[in-house]
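fold the following.
(4 chains)
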Protein chains: 2
Amino acid sequence: MLNAFPPDRVSVSERIRKAAIVLFSERGYHGTPVRALATTVNIEAGSLYYHIRSKQQILFDNFERTMDDVLEGLRRAVADATGPEARLRAAVRFHVLFHTSRQSEAFISHAELRALTGQNHRRIVLKRDRYERMFCELLSAGVDAGVFRIADVKLTNIAILTMCSGVADWFSGGGPLTPDQVAEHYETIVLRLVGYADAAG
Amino acid sequence: MLNAFPPDRVSVSERIRKAAIVLFSERGYHGTPVRALATTVNIEAGSLYYHIRSKQQILFDNFERTMDDVLEGLRRAVADATGPEARLRAAVRFHVLFHTSRQSEAFISHAELRALTGQNHRRIVLKRDRYERMFCELLSAGVDAGVFRIADVKLTNIAILTMCSGVADWFSGGGPLTPDQVAEHYETIVLRLVGYADAAG
DNA sequence: GTCTATAACTAGATAGAC
DNA sequence: GTCTATCTAGTTATAGAC
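Residues are numbered from 1 along each chain as shown, chains lettered A, B, ... in the order given. Now for the predicted structure:
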């Protein structure tokens, strides 16, 4: 049987990227020496710099990729759904599944935001704000349509987002629940907390 | 008018502790050199070690103090309340107010858990687990009494806790809402998401 | 109780051989 | 494309003068 991508065909750059995701999520950016990255990909520290510009650049590239993917993913998820309930469900489902399937990257994307410097930090914060606004508009739409009862939309939005992003903190693939089951529960929970009329759960 | 504690009566140890809370929350434990602590309290780096054992000890002491206070606070908060609804309300209220009034400490207590070493880490995780169990029992009590409808108590518990702890991430004293108002909103949100019958909000 | 000086080590990053 | 060697700077922590 053909295998188009045997393990040793994976580029060193890609292996560095993956190693950084694991190490940054486990020990934090400042807690991870570049030598630890080098050891993980079985090269010497000096050799890393043939592939990377700086440690900060690895972090920023990971942020940008993750933010772009989550923004695009949310856009697609809600585009397929009609009506405030279905659209919010789709958004929560997507958000939760993203935070289980790309758990470490998602985790880094809020835990290590402080570690981004200057312009890097500003650029990522802008993308995060865009994501929050997209989510917030789903709530407002439901309120305007009279199907959600929300006292403070911005507060409820951030409450929902921190709750759903928290999945990246505690989810375990070896745990009792599959990503799908977690997503299902969170859909119910979120619909309840926005006061959706038919949210029996 | 007498002032029993003029600013310069505050011990250096105490000023180091406070400085660490601010710096660790802003830059992270690994992102904060001990020299930054020294600068903040206007002494030289070497002088710090007359007051502290190690940087790690500062972090651990802060964790232990914060965890002890939050555990004791939760115990008192629910002790004053009767019935599942009132007890859960009191718990959420306390949790949110703790995360606004002692925002930086609370923030560190989940953001920097990874930075604790060996036995320090294990001891704090045990306390965190105790807190989670105390909270979880409030949910179970409501389910047993037939006033909460919860499909998965453990999942709902962690969803609530991550949501409420998230307040330490985004709350701003200069923002539009007072701590009391945030607590009020969160009480409503939580009662809704546990399916409390009378949770009109 | 704070200082200066420094030990002992680690950090991120570069240079040049191969 | 990876190596070794190294630079410069920064790290936590200690020692001994004052």
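
next, count neighbours for A:V143.
For A:V143, the count of nearby residues is 16 (other Cβ atoms under 10 Å in any protein chain shown). All C-beta spots, glycine's among them, are computed from the backbone N, C-alpha and C.

wait, it sits on A:V153?
Yes: between A:V143 and A:V153 there is a contact under Cβ atoms under 8 Å: 6.4 Å.

quick check: buried residues in stretch A:184-191?
By 16 or more other Cβ atoms under 10 Å in any protein chain shown, the buried positions in stretch A:184-191 come out as A:E184, A:H185, A:Y186, A:E187, A:T188, A:I189, A:V190, A:L191.

got it, and stretch A:114-130?
For stretch A:114-130, by 16+ other Cβ under 10 Å, it's A:R114, A:A115, A:L116, A:N120, A:I124, A:K127, A:R128.

of the residues you listed, which is the nearest to DNA strand C?
Nearest to DNA strand C among the buried residues of stretch A:114-130 is A:A115, at 10.6 Å by Cβ to the nearest atom of the strand.

correct me, but that closest one touches B:Y29?
No: assessed by Cβ under 8 Å, A:A115 is found out of contact with B:Y29, at 11.9 Å.

quick revisit: helices - which of the buried residues of stretch A:184-191 land there?
A:E184, A:H185, A:Y186, A:E187, A:T188, A:I189, A:V190, A:L191 (DSSP state H).

show me what from chain A comes close to DNA strand D.
Applying Cβ under 7 Å from any atom of the strand, we find that chain A lies next to DNA strand D at A:V12, A:N42, A:I43, A:E44, A:A45, A:G46, A:S47, A:Y50, A:H51.

got a list of what the last one touches?
Yep, that's A:H51 we're talking about. A:V12, A:S13, A:I16 (Cβ atoms under 8 Å, 6 or more residues apart in numbering or on different chains).

now the second one: how far from A:I58?
Computed with Cβ to Cβ, to the nearest Å, the distance linking A:S13 and A:I58 is 10 Å.

again, but for the last one
Taken as Cβ to Cβ, the spacing of A:I16 relative to A:I58 amounts to 7 Å.

so which residues on chain A come close to chain B?
Neighbours of chain B within chain A, by Cβ under 8 Å from any Cβ of the partner chain: A:26-28, A:30-31, A:110-111, A:114-115, A:149, A:151-152, A:155-156, A:158-160, A:162-163, A:165-166, A:169-170, A:177, A:182, A:185-186, A:188-190, A:192-193, A:195, A:201.

select only the buried ones of these in PyMOL?
Buried residues among those (16+ other Cβ under 10 Å), as a PyMOL selection:
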select buried, chain A and resi 28+30+31+110+111+114+115+152+155+156+158+159+160+162+163+165+166+169+177+182+185+186+188+189+190+192+193+195
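
of the residues of chain A next to chain B, list those near DNA strand C.
Filtering the residues of chain A next to chain B for proximity to DNA strand C by Cβ under 7 Å from any atom of the strand leaves nothing.

just the residues of chain A next to chain B: which are in strands?
Among those, no residue falls in strands (DSSP state E).

sort out for me which of the residues of chain A next to chain B are in helices.
Residues of the residues of chain A next to chain B located in helices (DSSP H): A:26-27, A:110-111, A:155-156, A:158-160, A:162-163, A:165, A:169-170, A:182, A:185-186, A:188-190, A:192-193.

can you put the buried residues of stretch A:184-191 in TSV and add pLDDT and distance to B:A79?
Listed next are those as TSV, based on pLDDT from 0 to 100; distance: Cβ to Cβ, whole Å:
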residue	pLDDT	distance to B:A79
A:E184	98	36
A:H185	98	30
A:Y186	98	32
A:E187	98	35
A:T188	98	31
A:I189	98	28
A:V190	98	31
A:L191	98	33
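
let me know the closest of these to A:A106.
A:Y186 (14.2 Å; Cβ to Cβ).

ok, now which ones touch the closest one?
So A:Y186 contacts A:V92, A:R93, A:V96, A:M163, A:C164, A:V167, B:A159 (Cβ under 8 Å, 6+ apart).

same list (those residues) but as TSV, adding pLDDT.
Shown next, in TSV, are the contacts of A:Y186 (pLDDT from 0 to 100):
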residue	pLDDT
A:V92	99
A:R93	98
A:V96	99
A:M163	98
A:C164	99
A:V167	98
B:A159	99
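
picking that back up, closest to A:A106 among the buried residues of stretch A:114-130?
Nearest member of those to A:A106, counting by Cβ to Cβ, is A:R128, at 12.0 Å.

for that closest one, which non-adjacent residue is spatially closest?
A:M67 (6.8 Å; Cβ to Cβ, 6 or more residues apart in numbering or on different chains).

does any bit of the helix or strand containing A:G73 sit next to DNA strand C?
Per DSSP states H and E: A:G73 is located in helix A:55-79. Yes: using Cβ under 7 Å from any atom of the strand, helix A:55-79 reaches DNA strand C at A:K55, A:Q56.

name the residues that touch that helix?
Residues from elsewhere that reach helix A:55-79 (Cβ under 8 Å, 6+ apart): A:16-17, A:20-21, A:24, A:29, A:34, A:37, A:52, A:87, A:90-91, A:93-95, A:98, A:102, A:105-106, A:108-109, A:112-113, A:115-117, A:120, A:123-124, A:127-128, A:130-131, A:134-135, A:138.
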